[in-house]
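Q: sharing a model that was predicted from the sequence below.
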Amino acid sequence: MFRELRRKRQALSPEMCDTVLRRGTSGVLALAGDDGYPYAVPISYLYDGGKLYFHCAKTGHKLDAITHNPKASFCVIDQDRVVPEKYTSYYRSVIAFGTMRVLTGEAEMRAAIEKLAIKYAPEDTPEHRDLEIDREWSALCMLEMSIDHLSGKEAKELVGAQNG
């Protein structure tokens with residue numbers, strides 16, 4: 001169902017894909033948008049093993065697209081160093097394909113937003129984090145993407161180099 005990488009030698013291992021997703025801070029979520037146009041939006045995220053989590057408003061283009069078609073892809077660029085003298089870039093990226101769902105249970109929403117908050121503000125106190133989450137709670141919507149397929153690729157110049 002999912003295409004194999006053409007340049008298999010440049011494929012990232014599942015462990016490296018995991019590393020890239022855990023250390024990334026943003027990516028591009030792609031959905032089937034209005035009138036058949038793709039809708040791709042930069043977004044912050046949380047990767048928690050086999051799932052990705054995103055926050056958004058309770059209405060908008062993302063939710064409309066997910067309601068119409070829950071299939072999505074999400075891309076994270078880990079490295080993109082332009083090397084002008086070689087007319088190339090030394091890149092590393094991961095792409096996930098999966099199915100989106102809106103979290104509806106208060107406990108699962110709270111668990112997801114707390115993990116997201118810890119990722120982006122790890123030094124914050126639990127008390128302040130709870131205050132911030134509570135302040136935004138009524139406007140908050142949490143999305144979960146179950147990953148059906150995950151792959152990554154890097155420039156041939158990076159193959160075998162230290163990637164961590």
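A: Cool, got the structure. Since the model is a prediction, treat every value here as computed from it, not as a measurement.
Q: distance of the nearest residue to K153 once chain neighbours are set aside from C75?
A: Leaving out its chain neighbours, the residue that sits closest to K153 by CB to CB, 6 or more residues apart in numbering is Q10, at 5.1 Å. Bear in mind the C-beta positions are built from the backbone N, C-alpha and C, glycine included. Distance of Q10 to C75, computed by CB to CB, to the nearest Å: 16 Å.
Q: give the pairing partners of the helix or strand where R81 lies; include direction for each.
A: Assigned by DSSP states H and E, R81 belongs to strand 71-83. Using DSSP bridges, the strands paired with strand 71-83 are strand 27-32 (antiparallel), strand 88-102 (antiparallel).
Q: ok, residues contacting that strand?
A: Residues from elsewhere that reach strand 71-83 (CB atoms under 8 Å, 6 or more residues apart in numbering): 20-21, 23-24, 26-32, 45, 52, 66, 89-100, 145, 154, 158.
Q: relative to K58, which of the strands paired with strand 71-83 is closest?
A: Comparison of those against K58 by CB to CB identifies strand 88-102 as nearest, at 9.2 Å.
Q: buried sites along that closest one?
A: Using 16 or more other CB atoms under 10 Å as the test for burial, strand 88-102 gives Y90, Y91, R92, S93, V94, I95, A96, F97, G98, M100, V102.
Q: the fourth one and K153 touch, don't they?
A: Meaning S93. Yes: the pair S93 / K153 is scored as a contact, 6.4 Å apart, by CB atoms under 8 Å.
Q: where does the chain dip in pLDDT?
A: For the chain, the stretches flagged by pLDDT under 70 are 3, 7, 160-164.
Q: quick one, helices of it?
A: 14-23, 61-68, 106-120, 126-136 (DSSP state H).
Q: only C-alpha atoms, please: export the longest one in CSV.
A: In other words, helix 106-120. Extracted in CSV, the C-alpha atoms of helix 106-120 (Å, rounded to 0.1, in the frame of the first residue of the first chain):
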residue,chain,number,x,y,z
GLU,A,106,-11.3,14.9,28.9
ALA,A,107,-8.7,12.6,30.5
GLU,A,108,-7.0,11.7,27.1
MET,A,109,-7.1,15.4,26.1
ARG,A,110,-5.5,16.4,29.4
ALA,A,111,-2.8,13.7,29.2
ALA,A,112,-1.9,14.8,25.6
ILE,A,113,-1.8,18.5,26.3
GLU,A,114,0.3,18.0,29.4
LYS,A,115,2.9,16.0,27.5
LEU,A,116,2.9,18.6,24.8
ALA,A,117,3.4,21.4,27.4
ILE,A,118,6.2,19.5,29.0
LYS,A,119,7.9,19.1,25.6
TYR,A,120,7.9,22.8,24.9
